[in-house]
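Participant: let's see this in three dimensions:
(chains A and B)
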Amino acid sequence: MTERVLMKGNEALAYGSLNAGLNAYFAYPITPSTETPETLAREYGNPNYPNFRVFLQAASELEAVNMTLGAACTGALAMTATSSPGFSLKQEAISYAAGMEVPFVVINVNRGGPGLGNLGAEQSDYFQTVKGGGHGGYQLIVLAPNSVQEMFDLPRTAFDLAFKYRNPVIILADAFLGQLKEDIHAVPPGNGLTRDTSWATLGSENGTRHILNSLHLDPDDQENHERHLHEKYEKMRDEVASETFLTDDAEIVLVSYGIASRISKNAVSLARDQGLRLGLLRPITLNPFPYDLVRILAGQGKKLLVVELNAGQMVQDVRLAADGTGRVEHLGRLGGNVPSTKQILAKAKEMMD
Amino acid sequence: MVQIQDDYETKLGQTTGWTGIPTHYCPGCEHGILTRLIGLTLEEMGLLKKAVMVDSVGCSVLAYDYFNCDHIQAPHGRAPAVMAGVKRTHPELIVFTIQGDGDALAIGLLETVYAAIRGEPITVFLYNNSIYGMTGGQMAPTTMPGQITTTTPYGREVESTGNPIDIMKILSPIERVSYLRRGILVPQPVKAKHGLMYQVKNILDAKRIIENAFKVQQKGGYSLVEFLGTCNVNWKMTIEESKHYPFDQTIKQYPPGVFRDRFGIEGKIL
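Facilitator: Purely as a prediction, here's the structure:
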């Protein structure tokens, strides 16, 4: 039985992760992501969520993410949420977790600009989040919800993938998605994920010592370790997920993720009403990126218009996939502004000429 | 001629707490003694299989090779936060770390202080040798006034760098701190009839202090033990000179003692 409820995106992230069997959450407040820890603080101790054993507010983003790392080392479902400036501070522990092969989930509710920027929605953390962010050339799985429903659904997917690959997984949302209220179908809490924790540091009672470490002083050891990681990243490509909307006969395909894809989808519907053949490709996983699908669409002679809330980041991946085939254009807004459907249609018409 | 006063091989014995892998520590360093003492204590207390050691960054970074228990290698300075994550999720585990003065008191001071403020039931062994050892002898937060390091080549000027940090003074007013103790890991050189002799009373005391710290964790309290050690290599001293230094100089800045003992665990050993 699913229940139809109205909630904010950030609240949905909290309930979705509880639903997945969240064990430990470590908080540091930052707008516009704070409703996630606030919701979890309220639900801490609720007998409906018996797996939820730890809620703790840390003294800094660094402390919060390193506590998350510690909890995750014991095989717990551990999570922390933040927003752009905080996400910069999380990079250290994320890099360590990637090197140590420790699974946890970090949520980045993208806000505007470099530095303090502002509290509006941007997708300007695409490079930082999707391409690694910290040191050492690791990769993360990055999931991009575009509705409050997906803010509820994707935490379970995130934990599932984190444990499958023993790798950190990021949910990249934005200020709009965090604050947006929508009605969702909320499935009641089930059992926690079944997962392998034989690697976890839970003591050596069974005679096996567990060592979670990212240090390999011998060059060959380090190279072998990194080769192993990169083989794993290749396997992660199987998890690529995207949504297409009216792409088959489209002359122009909008490529858009997160909140921008909601506007793009409206633009496609409006265009169709006017007899303009627009379609939409929405990556749900930003890493792995749907390179193959973009390549196919570009190969079919379709023009690609990347609509994103930044000055041009995902467009680089789209151009890489199109590899010189066809025309790739970019439309972006900044600072918490979003492109209107009118703007998108005007740009599309310009590309048709 | 150098004599060891007591045969602490016999007194303290070998331990299954140590993996048997030879340590990388420089000759003269007390990290090896600390490894032996903690390993032995965990073995005696029956805690090895329940222990998770969070390794810090610095000279103790390779501890996972030496301690016969589970290990997590934490980012520089973050060990107390990682430990809190482990202990909160699994309170049945015994969670401890060895941190250097740079790791715990410079880059990781926030993590150190907040773990204490929350009274996390974890155990921190802080090895204070007043220098960054692993990186080759730079100024540490504990570097003595006037001490020459590679980043204070003319001696530490406290007017510019501030004074050496005393973690006992910082943590002792904090409500939820259960055990704060400063000890000495250095065998004490004394003049004897036939040359130099080393007394190991400090080492035997250190063993009891380590036991106390783990007992405090078992009682649910936060414990931090600061051990004064040497670093003759980066101090540019002979081993013998370096063994005198803590007793002649360091203890003036860092007097040994009990700074907090909420459970009255020290008993009569003072």
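Participant: going forward, measure contacts between C-alpha atoms and count neighbours the same way
Facilitator: Will do.
Participant: give me the distance between A:N51 and chain B.
Facilitator: Distance, A:N51 to chain B, by Cα to the nearest Cα, to the nearest Å: 11 Å.
Participant: tell me, how many neighbours does that residue end up with?
Facilitator: Number of residues near A:N51 (other Cα atoms under 10 Å in any protein chain shown) recorded here: 21.
Participant: how many residues are close by the nearest residue to it once chain neighbours are set aside?
Facilitator: Once flanking residues are discounted, A:N51 sits nearest to A:N23: 5.2 Å by Cα to Cα, 6 or more residues apart in numbering or on different chains. A:N23 has 23 neighbours, counted by other Cα under 10 Å.
Participant: where does chain B dip in pLDDT?
Facilitator: Residues of chain B that meet the criterion pLDDT under 70 lie in B:1-13, B:268-270.
Participant: repeat for chain A
Facilitator: A:1, A:192.
Participant: which residue ranges form the helices in it?
Facilitator: Here chain A has its helices, by DSSP state H, at A:9-19, A:35-43, A:61-73, A:84-100, A:126-130, A:148-165, A:175-179, A:219-236, A:258-273, A:291-299, A:314-322, A:341-352.
Participant: so which of those gets nearest B:T151?
Facilitator: Closest to B:T151 of the helices of chain A is helix A:84-100 (Cα to Cα; 25.5 Å).
Participant: ok, the closest one near chain B or not?
Facilitator: Yes - Helix A:84-100 reaches chain B (Cα under 8 Å from any Cα of the partner chain) through A:E92, A:A93, A:Y96.
Participant: can I assume the second one is in contact with A:M67?
Facilitator: So the one you mean is A:A93. No - A:A93 is beyond contact range of A:M67, at 9.5 Å (criterion: Cα atoms under 8 Å).
Participant: quick one, which of those two is more surrounded?
Facilitator: When A:A93 and A:M67 are compared for neighbours, A:M67 comes out ahead with 34 against 25, by other Cα under 10 Å.
Participant: list the contacts for that one?
Facilitator: A:F26, B:A81, B:V82, B:M83, B:A84, B:G85, B:V86 (Cα atoms under 8 Å, 6 or more residues apart in numbering or on different chains).
Participant: report the two of those residues separated the most.
Facilitator: Farthest pair in the contacts of A:M67, by Cα to Cα: A:F26 and B:M83, 13.1 Å.
Participant: between those two, tell me which one has more neighbours.
Facilitator: B:M83 (32 against 25).
Participant: tell me what the helix or strand hosting that one is packed against?
Facilitator: Using DSSP states H and E, B:M83 falls within helix B:79-89. The contact analysis (3 or more Cα pairs under 8 Å, 6 or more residues apart in numbering or on different chains; DSSP states H and E) places helix B:79-89 against helix A:61-73, strand B:51-55, strand B:94-100, helix B:109-117.
Participant: point out the residues in chain B that sit beside chain A.
Facilitator: B:48-52, B:64, B:68-75, B:78, B:81-90, B:93, B:110-111, B:114.
Participant: residues in contact with the residue located most distally from the centre of chain A?
Facilitator: Centroid-distance maximum for chain A: A:G207 at 37.9 Å, with Cα atoms, centre = their mean. Residues in contact with A:G207 (Cα under 8 Å, 6+ apart) are B:K49.
Participant: give the buried residues for stretch B:89-109.
Facilitator: Neighbour counts over stretch B:89-109 (16 or more other Cα atoms under 10 Å in any protein chain shown) mark B:89-90, B:93-106, B:108-109 as buried.
Participant: also stretch A:237-255?
Facilitator: Within stretch A:237-255, the residues that count as buried by 16+ other Cα under 10 Å are A:237, A:240-242, A:244-247, A:250-255.
Participant: okay, how far is it across it, tip to tip?
Facilitator: End-to-end distance for stretch A:237-255, by Cα to Cα, to the nearest Å: 19 Å.
Participant: how near is A:Y28 to A:Y96?
Facilitator: From A:Y28 to A:Y96 the distance is 20 Å (Cα to Cα).
Participant: so which of the two has more stuff around it?
Facilitator: A direct count of neighbours by other Cα under 10 Å for A:Y28 and A:Y96 places A:Y96 higher, at 25 against 21.
Participant: tally of neighbours for the residue nearest to that one when sequence neighbours are not counted?
Facilitator: Of all residues not flanking A:Y96 in the chain, A:S214 sits nearest, at 6.4 Å (Cα to Cα, 6+ apart). Neighbour count of A:S214, defined by other Cα under 10 Å: 19.
Participant: so A:S214 touches A:G99, yeah?
Facilitator: Yes - contact criterion Cα under 8 Å: A:S214 and A:G99 qualify, at 4.8 Å.
Participant: output stretch B:65-74 as CSV, restricted to C-alpha atoms.
Facilitator: The C-alpha trace of stretch B:65-74 is given here as CSV (Å, rounded to 0.1, in the frame of the first residue of the first chain):
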residue,chain,number,x,y,z
ASP,B,65,50.7,-3.2,10.0
TYR,B,66,51.5,-3.5,13.7
PHE,B,67,48.3,-3.7,15.8
ASN,B,68,46.6,-7.1,15.6
CYS,B,69,43.0,-5.7,15.3
ASP,B,70,40.7,-4.0,12.8
HIS,B,71,41.8,-0.7,11.4
ILE,B,72,40.5,2.4,9.6
GLN,B,73,43.0,4.8,8.2
ALA,B,74,41.5,8.3,8.7
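Participant: so which residues on the stretch 1-150 of chain A come close to chain B?
Facilitator: Looking at chain B, the residues of the stretch 1-150 of chain A close enough under Cα under 8 Å from any Cα are A:23-24, A:53-54, A:59, A:62-64, A:66-74, A:76, A:92-93, A:96.
Participant: now with 6 Å, please.
Facilitator: Residues of the stretch 1-150 of chain A lying close to chain B (Cα under 6 Å from any Cα of the partner chain) are A:E63, A:N66, A:M67, A:G70, A:A71.
Participant: what's the local residue count around the last one?
Facilitator: By the measure other Cα under 10 Å, the count of residues near A:A71 is 34.
Participant: ok, it - contacts?
Facilitator: B:G85, B:V86, B:T89 (Cα atoms under 6 Å, 6 or more residues apart in numbering or on different chains).
Participant: make it 8 Å
Facilitator: Neighbouring residues of A:A71 by Cα under 8 Å, 6+ apart: A:A24, A:L77, A:A78, B:V82, B:G85, B:V86, B:K87, B:R88, B:T89.
Participant: over to B:I251: give its phi and psi.
Facilitator: Backbone torsions of B:I251, given as degrees, to the nearest 10, read phi -70, psi -20.
Participant: go on, B:F67?
Facilitator: Here is the backbone geometry of B:F67 (degrees, to the nearest 10): phi -90, psi 130.
Participant: and which of the buried residues of stretch A:237-255 is nearest chain B?
Facilitator: Nearest to chain B among the buried residues of stretch A:237-255 is A:R237, at 28.5 Å by Cα to the nearest Cα.
Participant: distance of the closest one from A:L286?
Facilitator: Counting by Cα to Cα, the gap from A:R237 to A:L286 is 11 Å.
Participant: and A:K265, by the same measure?
Facilitator: Distance from A:K265 to A:L286, by Cα to Cα: 18 Å.
Participant: next one: B:I117
Facilitator: In terms of Cα to Cα, B:I117 sits 40 Å off from A:L286.
Participant: so for those two, which sits in the more crowded spot?
Facilitator: Taking neighbours as other Cα under 10 Å, B:I117 and A:L286 compare with A:L286 leading, 27 against 16.
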